[in-house]
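[1] Here's a sequence, model it:
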Amino acid sequence: MSFVRIHSAQHLLLDAQLIDVEIDISKGLHSFSIVGLGDKAVDESRDRVSAAIKNSGFTSPKQKNEKVLISLAPAHSRKTGPLFDVAIAIGYLLASEEIYFNPIGKIFIGELSLNGKIQKSNGILPLVIFAKKNGFKEIYIPYENREEAGLIEDIAIYPAKTLREIIEHIHNSKNTADKHKIPSVKIIRQEKTPILQDDEVSDLSHIKEQGHAKRALQIAAAGKHNIALFGPPGTGKTLLAKAFQSLLPPLSFEQSLEITSIHSVAGILRNPIITKPPFRSPHHTSSYTSIVGGGNHPRPGEITLSHHGVLFLDEFPEFDKRVIESLRQPLEDKYITISRIQGNMTFPAQFILVAALNPCPCGFFGSQKQSCICAAHHVLNYQKKISGPIMDRIDMWVEVAEINHASLLSKNKVAESDLSTPIRNSQIIQNKRFQDQKTFNGTASAKQIEKLFNIKEEARILLNNAAGKLNLSPRGYHKVLKVSQTIADLEGSDFINDSHILEALQYRQKISGG
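    Below you'll find the predicted structure:
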């Protein structure tokens, strides 16, 4: 046999692409070529594979006088990374008739060390999902990725430590005693462990006073509403934002798989599966690409890493203007499309934005305890860093007031369950209303609002009058309706009434001068 075809795969943004590794061996002076638009890592596979084959007990291609041509198909598609090493090595040994097996239904993923060890790789989970969807029966992966891959059922997953292990497992030896069995991965659905940005997640019970802000965060968590917290320094804005994560219900298994795949591709997955909504808190000096995503080797940004979770932007006005304005599309559409010369990239971005900001550069504009030292035009310019369209896309604006120092050492606590239980009940109501688990009040379309929201006539009149006085935009009008519906759901009410509208209108009062 001088020609064989082995299957492998590579990442295609957050999805995957099937790559056929074709190997042809012919007589002639020694050469070892890889074609198919591969990058530098692919080109260097020749040396890694040759050394790994030799150190696994077989004859290296460099020790033979033959022409080896390896093609990575489809040829028009760029190939990146070292994940084809195992497939190239296995294919070469099959083509040179040093091993025998049937490659149909098998897919090989992994980077080889020079000694034949298979290295841990990023993004294995989406590749396993892809292999299952495309009808493959077996997939061979690095041993260290076994827990991540084991989340997927109905496909045999074989985690191998070395190239030799795979060969001994698949090689059709006449002596059955020589055949090495690699145990397939056991499903670990019942062994989920959460991944968090911090080792511990604080909750609202540890934050003194701020009842108004806590109520607003409860509403935001229940309906998936974007929220901005503003007030003087040291009033607890950051603490409130970090505690917000504790109010969010655990992810469904499908959501867990999706966000785990994203973090796996990004190379930041610390545990086998993410079961709690992610909390991302990039620094205000973060670059545009790190927030939005893309780059020379496209990867998800913070907007996508916070999918199904929380994107916390502390010191919101201090972020680069481009970064702030880039939030327009994801806040509205729940995805972001990046256009480059190479083509368009679309990343999911269904997150809850929690922004924290001071009302002025010194932070004490409007403070009752300390005088602001900023000139009037400095205050105005600072607040103008957040454009009207961005402010309009944030559902709730909440002032975090200064607190009484005497309360800081008090032992009174607000039980977390007092806030989280109504949230879970309200989301059950929303799941029934929208007949799915993906849409919430905060993400409802104008058509869904008109069709599914029940508002009493007197509440409608109140809202229309307030909209005229506050000069609400159509988007702002709908934001008030969405927040009102969430408040009604928290109370278990079948209708939006006056009190729900009045409370929702409080959260449209933006920072002074904004």
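
[2] all contacts plus neighbour counts: C-alpha atoms, from now on.
    Noted.

[3] Report pLDDT for residue 275.
    At residue 275, the pLDDT value in this model is 91.

[4] how close does it get to residue 500?
    Applying C-alpha to C-alpha, to the nearest Å, the value for residue 275 to residue 500 is 32 Å.

[5] got it, and residue 364?
    31 Å.

[6] In terms of packing, which of the two has more residues around it?
    residue 500 (23 against 19; other C-alpha atoms under 10 Å).

[7] Centroid-nearest residue for this structure?
    Note on the chain: the residue nearest the mean C-alpha position is residue 305, at 3.1 Å, using C-alpha atoms, centre = their mean.

[8] contacting residues around that one?
    Residue 305 is in contact with 259, 262-263, 278, 280, 349, counting by C-alpha atoms under 8 Å, 6 or more residues apart in numbering.

[9] what's the closest of those residues to residue 37?
    Nearest to residue 37 out of these is residue 262 (C-alpha to C-alpha; 25.2 Å).

[10] Does the closest one touch residue 16 like I think?
    No - assessed by C-alpha atoms under 8 Å, residue 262 is found out of contact with residue 16, at 11.9 Å.

[11] Looking at the two now, which is surrounded by more residues?
    Legend: neighbour count by other C-alpha under 10 Å for residue 262 and residue 16, higher for residue 262 (28 against 18).

[12] Name the residues of the strand or helix carrying that one that come out as buried.
    Assigned by DSSP states H and E, residue 262 belongs to helix 253-266. Buried residues in helix 253-266, defined by neighbour count with 16 or more other C-alpha atoms under 10 Å: 255-266.

[13] same deal with stretch 307-320?
    So for stretch 307-320, counting by 16+ other C-alpha under 10 Å, buried means 307-314, 316-320.

[14] okay, how far is it across it, tip to tip?
    Start-to-end, stretch 307-320 (C-alpha to C-alpha) is 21 Å.

[15] re earlier: what about the residue nearest to the centre of the chain? Give its phi and psi, please.
    Per-residue torsions, residue 305: phi -60, psi -20 (degrees, to the nearest 10).

[16] Ok, residue 435 next?
    According to degrees, to the nearest 10, residue 435 has phi 60, psi 30.

[17] for residue 421, same thing?
    The phi/psi pair for residue 421 (degrees, to the nearest 10) is phi -60, psi -50.

[18] That one: how many residues sit nearby?
    Count around residue 421 with other C-alpha under 10 Å applied: 14.

[19] can I see the domain layout of this structure?
    3-191, 204-506 (automatic domain parsing).

[20] distance between the ends of the longest one?
    Spelled out, it's domain 204-506. For domain 204-506, the end-to-end distance is 21 Å (C-alpha to C-alpha).

[21] what distance separates it from the centre of its chain?
    Once both centres are worked out by C-alpha atoms, centre = their mean, to the nearest Å, domain 204-506 turns out to sit 17 Å from its chain's centre.

[22] How about the first one?
    Distance, stretch centre to chain centre, for domain 3-191: 28 Å (C-alpha atoms, centre = their mean).

[23] Report the mean per-residue pLDDT for it.
    92.

[24] Name the residues linked to residue 353 by a beta bridge.
    residue 311 (DSSP bridges).

[25] Verify the contact between it and residue 312 for me.
    Yes - at 6.1 Å, residue 353 counts as touching residue 312 under the criterion of C-alpha under 8 Å.

[26] host element of residue 23?
    Using DSSP H and E, residue 23 falls in strand 15-27.

[27] So what are the sheet partners of that strand and their directions?
    With DSSP bridges as the test, strand 15-27 is paired with strand 3-12 (antiparallel), strand 66-73 (antiparallel).

[28] what comes up buried for that strand?
    16-25.

[29] ok, back up a step: which members of the buried residues of helix 253-266 define the maximum pairwise distance?
    Most distant of these, by C-alpha to C-alpha, are 255 and 266, 16.8 Å apart.

[30] Redo the strands paired with strand 15-27 as JSON lines? Include distance to residue 445 and mean neighbour count.
    Formatted as JSON lines, the strands paired with strand 15-27 follow (distance: least, C-alpha to C-alpha, whole Å; neighbours: other C-alpha atoms under 10 Å):
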{"stretch": "strand 3-12", "distance to residue 445": "30", "mean neighbour count": "22"}
{"stretch": "strand 66-73", "distance to residue 445": "42", "mean neighbour count": "20"}
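
[31] Can you add distance to residue 371 and give the ones you listed back as CSV?
    CSV is the format used below for the strands paired with strand 15-27 (distance: least, C-alpha to C-alpha, whole Å):
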stretch, distance to residue 371
strand 3-12, 54
strand 66-73, 67
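
[32] looking at these, which is closest to residue 508?
    It's strand 3-12; of these, that one is closest to residue 508 (C-alpha to C-alpha) at 41.0 Å.

[33] Need the CA coordinates for that closest one. CSV is fine.
    Below are the C-alpha coordinates for strand 3-12, written out as CSV (Å, rounded to 0.1, in the frame of the first residue of the first chain):
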residue,chain,number,x,y,z
PHE,A,3,-1.5,5.6,-0.6
VAL,A,4,-3.8,6.0,2.4
ARG,A,5,-6.3,8.6,3.7
ILE,A,6,-6.6,9.3,7.5
HIS,A,7,-9.1,11.7,9.0
SER,A,8,-8.2,14.5,11.3
ALA,A,9,-9.8,17.9,12.2
GLN,A,10,-9.0,21.5,13.1
HIS,A,11,-10.7,24.4,14.7
LEU,A,12,-12.8,26.7,12.5
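
[34] Touching it from outside, list them.
    Taking C-alpha under 8 Å, 6+ apart as the rule, strand 3-12 contacts 16-25, 79-80, 83-84, 87-88, 90-91, 94-95, 103, 106-109, 123, 126-127, 265.

[35] likewise stretch 254-268?
    Stretch 254-268 is contacted from outside by 11, 14, 122-126, 269, 272-276, 299-300, 304-305, 307-308, using C-alpha under 8 Å, 6+ apart.
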